[in-house]
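Peer 1: below are the sequence and a predicted model; questions follow.
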Amino acid sequence: MNIFDPLVLARLQFAFTVSFHIIFPAFSIGLASYLAVLNGLYLLTKKPVFMDLFNYWKKIFAVAFGMGVVSGIVMSYQFGTNWSVFSDKVGPVLGPLMGYEVLSAFFLEAGFLGVMLFGRERVGPKLHFFATLMVAFGTFFSAFWILSVNSWMQTPAGYAINANGQFIATDWWAVVFNPSFPYRLVHMVLAAYLTTAFVVGAVGALHLLRDRSNQAARIMFSMAMWMAAIVAPIQIVAGDFHGLNTLEHQPAKVMAMEGHYDSHPDGAPLILFGIPNPAEKRIDYAIQIPKLSSLILKHDLNAPLAGLDTIPFDRQPPVAIVFWSFRIMIAIGFAMLGLGIWSLWLRFSGRLYDTPLMHRAAILLGPSGFVAVLAGWITTEVGRQPYTVYGLLTTAESVSPIAAAAVGASLVAFLVVYFALFGAGTFYILRLMNKAPQPHEPGLDPDEPIRAGGIMPAPAMDAAGARQAAE
């Protein structure tokens, strides 16, 4: 690989920015729904602790949502700078879908976000709850459109190619609800919920280690562990269905995921671990279970499975990256399942809040959802190579005619700005999480400067407050 190739640099730049971006929507999708649940529980029970938790997490949501918006805007510019050929060819299909995301989901989020963050005392509890629901629905709707776009690139449907080589839609229903879209949507949304649950669980566990009597910490930890116990097994089943769909439409990706360089006419083994050897086209030091891959993918121990030896070399994805990213995702998924099962055992034995080892394990797995999302995204996107539109448009055909120096300079700029900006934002979020939720947790009322939440008022605000008090 020539690092000074404009194509390689453009791919690195997009991979870097999308990796930064995806962790924020994955968190905000789940956190918006969690906020809606907390708000609803407060209206239903009138217990102040639920509003304390709502005010605690909405400050974190506000920062994460803002960073997600900023990082997403940067990505869209790259379609014009680094991937203009791709934009020209697929714009008639994907452009309207991206427009629908802005006109529906983003407008819905932006329209109600201010009410959710600042408007409870102004609009009343019921309308405030409605606004929170709309923000949660908006984040889901945004995921709907973005995943429809990505899924169409993976499994294109409902299109034709005109005389200019552009993709045009012939059936919008087929475009939106393309063959892989339902599986990808379910898998990603569940991943977002699990990501948020393990962050919430880690924060709750941290504060339980400091004070087991903290009611808010107990509630957030309990809710997170319920989510882990219920959703983790569902996610594993959803992932299995998604894998079967991928085998049908993108067999080369599954071959790379499984590490099957060779075809297996009488049952393929499941390779648990090993070191891909692209030069020799084999998995070195493989630890495998005979015929289990055929059982999982075909539900038959002796079912034949084709290998990468049936795919032209220039149409094969990079095996090593896909092989390892897939295993990282799977390993984290089963770790989440294990923690969920452990929490059920402790819950029914009455020791959920009194087992420090469990709490430390929850803290350790706190960031695991982000790692799993990144690993899954790498599996999906690298496994699609060498195509941007699977089987129809290659990545090499999609790049702009741009100099390597220009792409390299912007990549360096992104590295510096992203680590500085998002590093500071992440540090601030961690500071907010480090503070335990308190009774009468302050919200984000712009008329009331907030110190307890870690947000300091500007000097002008202090001066105005002092003048008002003197008068």
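Peer 2: Happy to help now that I have it. Numbers count the residues shown, from 1 in each chain.
Peer 1: the strands in the stretch 151-300 of the chain, which residues?
Peer 2: 159-161, 167-169, 270-277, 282-289 (DSSP state E, counting those that start in this stretch).
Peer 1: show me what the third one is in contact with.
Peer 2: When contacts are defined by C-beta atoms under 8 Å, 6 or more residues apart in numbering, strand 270-277 is touched by residues 258-260, 283-289, 292-293, 296, 319-320, 323-324, 327. Glycine gets a C-beta too; all of them are placed from N, C-alpha and C.
Peer 1: so among those residues, which ones count as buried?
Peer 2: Glu258, Gly259, His260, Ile283, Gln288, Leu292, Ser293, Val319, Ala320, Phe323, Trp324, Arg327 (16 or more other C-beta atoms under 10 Å).
Peer 1: show me the contacts for the third one.
Peer 2: Residues in contact with His260, defined by C-beta under 8 Å, 6+ apart, are Ala268, Ile271, Ser293, Leu305, Ala306, Gly307, Leu308.
Peer 1: most surrounded residue in these?
Peer 2: With neighbours taken as other C-beta atoms under 10 Å, the top of the contacts of His260 is Ala268, carrying 30 neighbours.
Peer 1: separation between that one and Arg122?
Peer 2: Distance of Ala268 to Arg122, given as C-beta to C-beta, to the nearest Å: 62 Å.
Peer 1: try Asn178
Peer 2: For Asn178 relative to Arg122 (C-beta to C-beta), the value is 43 Å.
Peer 1: Phe20 now?
Peer 2: 35 Å.
Peer 1: and the two? which has more neighbours close in?
Peer 2: Just comparing Phe20 and Arg122: by other C-beta under 10 Å the higher neighbour count belongs to Phe20, 22 against 11.
Peer 1: the more buried one reaches Gly423, doesn't it?
Peer 2: No - contact criterion C-beta atoms under 8 Å: Phe20 and Gly423 do not qualify, at 10.4 Å.
Peer 1: packing partners for the longest helix along the chain?
Peer 2: Longest helix in the chain by number of residues (criterion: DSSP state H): helix 6-45. Packing partners of helix 6-45 (3 or more C-beta pairs under 8 Å, 6 or more residues apart in numbering; DSSP states H and E): helix 48-81, helix 125-154, helix 181-210, helix 368-383, helix 395-398, helix 404-434.
Peer 1: now these as CSV including mean pLDDT, mean neighbour count and distance to Ala238?
Peer 2: Output for these, formatted as CSV (pLDDT from 0 to 100; neighbours: other C-beta atoms under 10 Å; distance: least, C-beta to C-beta, whole Å):
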stretch, mean pLDDT, mean neighbour count, distance to Ala238
helix 48-81, 86, 19, 23
helix 125-154, 91, 21, 13
helix 181-210, 94, 23, 5
helix 368-383, 93, 22, 12
helix 395-398, 90, 17, 28
helix 404-434, 86, 14, 28
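Peer 1: can you tell me which residue is spatially central in the chain?
Peer 2: Ala26 (3.3 Å; C-alpha atoms, centre = their mean).
Peer 1: relative to Val63, how far out is that one?
Peer 2: For Ala26, the distance to Val63 equals 15 Å [C-beta to C-beta].
Peer 1: just Tyr77 next, same as before
Peer 2: Distance, Tyr77 to Val63, using C-beta to C-beta: 23 Å.
Peer 1: pretty sure Trp145 contacts Ala105?
Peer 2: Yes - in this structure, Trp145 is within contact of Ala105 by C-beta under 8 Å, at 6.1 Å.
Peer 1: okay, the closest residue in space to Ala229 that isn't next to it in sequence: pLDDT?
Peer 2: Nearest residue to Ala229 in three dimensions, chain neighbours excluded: Gly340, at 3.6 Å (C-beta to C-beta, 6 or more residues apart in numbering). pLDDT for Gly340: 94.
Peer 1: what is the helix or strand that contains Gly340 packed up against?
Peer 2: Assigned by DSSP states H and E, Gly340 belongs to helix 319-348. Counting contacts by 3+ C-beta pairs under 8 Å, 6+ apart, helix 319-348 packs against helix 215-249, helix 251-258, strand 270-277, helix 356-364, helix 368-383.
Peer 1: how far does the first one sit from its chain's centre?
Peer 2: This means helix 215-249. Chain-centre distance of helix 215-249: 13 Å, with C-alpha atoms, centre = their mean, to the nearest Å.
Peer 1: check the fourth one too.
Peer 2: With C-alpha atoms, centre = their mean as the basis, helix 356-364 stands 23 Å off its chain's centre.
Peer 1: tell me the buried residues in the longest helix of the chain?
Peer 2: Buried residues in helix 6-45, counted by 16+ other C-beta under 10 Å: 6-11, 13-14, 17-39, 41-42.
Peer 1: any idea of the mean pLDDT in it?
Peer 2: Mean pLDDT, computed over helix 6-45, is 89.
Peer 1: so what's the residue count around the closest residue in space to Ile283 that isn't next to it in sequence?
Peer 2: Closest residue in space to Ile283, ignoring its immediate chain neighbours: Gly274 at 3.8 Å, by C-beta to C-beta, 6+ apart. Per other C-beta under 10 Å, the neighbour tally for Gly274 reads 17.
Peer 1: next: Phe112.
Peer 2: Phe112: 22 neighbours (other C-beta under 10 Å).
Peer 1: ditto for the one 4 residues further on
Peer 2: Here the number of neighbours of Met116 (other C-beta under 10 Å) works out to 28.
Peer 1: for it, what are its contacts?
Peer 2: Contacts for Met116 (C-beta under 8 Å, 6+ apart) come out as Leu35, Lys58, His128, Ala131, Thr132, Val135.
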